[in-house]
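In: dropping the sequence and predicted coords here.
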Amino acid sequence: MQTLGIKPPSSGNDGWSGQDPGRDLFPLLAGAAVAVAGIGAILAFVDADSPLRGPFALFFLLAAPATAVGAALRGLEPFARTVVSVAGAIATDLLVAQGMLAVHRWSVTGGIVAVTVISSLALLLVLVRRQRRRTARRRA
């Protein structure tokens, strides 16, 4: 009995990259996540009357700080990095809400702006730190 199967060619230029197909899916999912988070922030900021506003805005409020925290923790294992990033995102959101309530300035748009600014600054600090490390390695 003969077993039939599809094998990747060992050589040739027929488009087979020899890589895992799941690797090609990650950039697509990351782009979709960025799009959903951006739409959520915009819908919440303009106070649109859409059923997607709540879930997309919540996704933004979790994804933006989690991305910034995750970028700072590149040395951890993937699972630990994910857990710490989500915990950091929740902590950031709660601290923003607590601070806004403490000064009696609570608003949805203010919360979105505050989380955006904090996440952007954290991500910018990570990028600046990495750039300095690269410059220091080149000099040495």
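Out: Arrived safely, thanks for sending.

In: ok, now how distant is the spatially most central residue of the chain from A80?
Out: Centroid-nearest residue in the chain, with C-alpha atoms, centre = their mean: T67, separated by 3.6 Å. Distance from T67 to A80, counting by C-beta to C-beta, to the nearest Å: 16 Å. (Glycine included, C-beta is placed from N, CA and C.)

In: quick one: residues contacting the residue nearest to L125 when sequence neighbours are not counted.
Out: Closest residue to L125 apart from its sequence neighbours, by C-beta to C-beta, 6 or more residues apart in numbering: A72 at 7.9 Å. Neighbour list for A72: A122, L125, V126 [criterion: C-beta atoms under 8 Å, 6 or more residues apart in numbering].

In: identify, from those, the entry nearest to G99.
Out: Closest approach between these and G99, by C-beta to C-beta: A122, at 15.9 Å.

In: how many residues are close by the closest one?
Out: For A122, the neighbour count with other C-beta atoms under 10 Å is 19.

In: so it sits against V69, correct?
Out: Yes: here A122 reaches V69: they are 7.1 Å apart, a contact under C-beta atoms under 8 Å.

In: I'd guessed I90 sits against A63; true?
Out: No: counting by C-beta under 8 Å, A63 is not a contact partner of I90; they are 11.9 Å apart.
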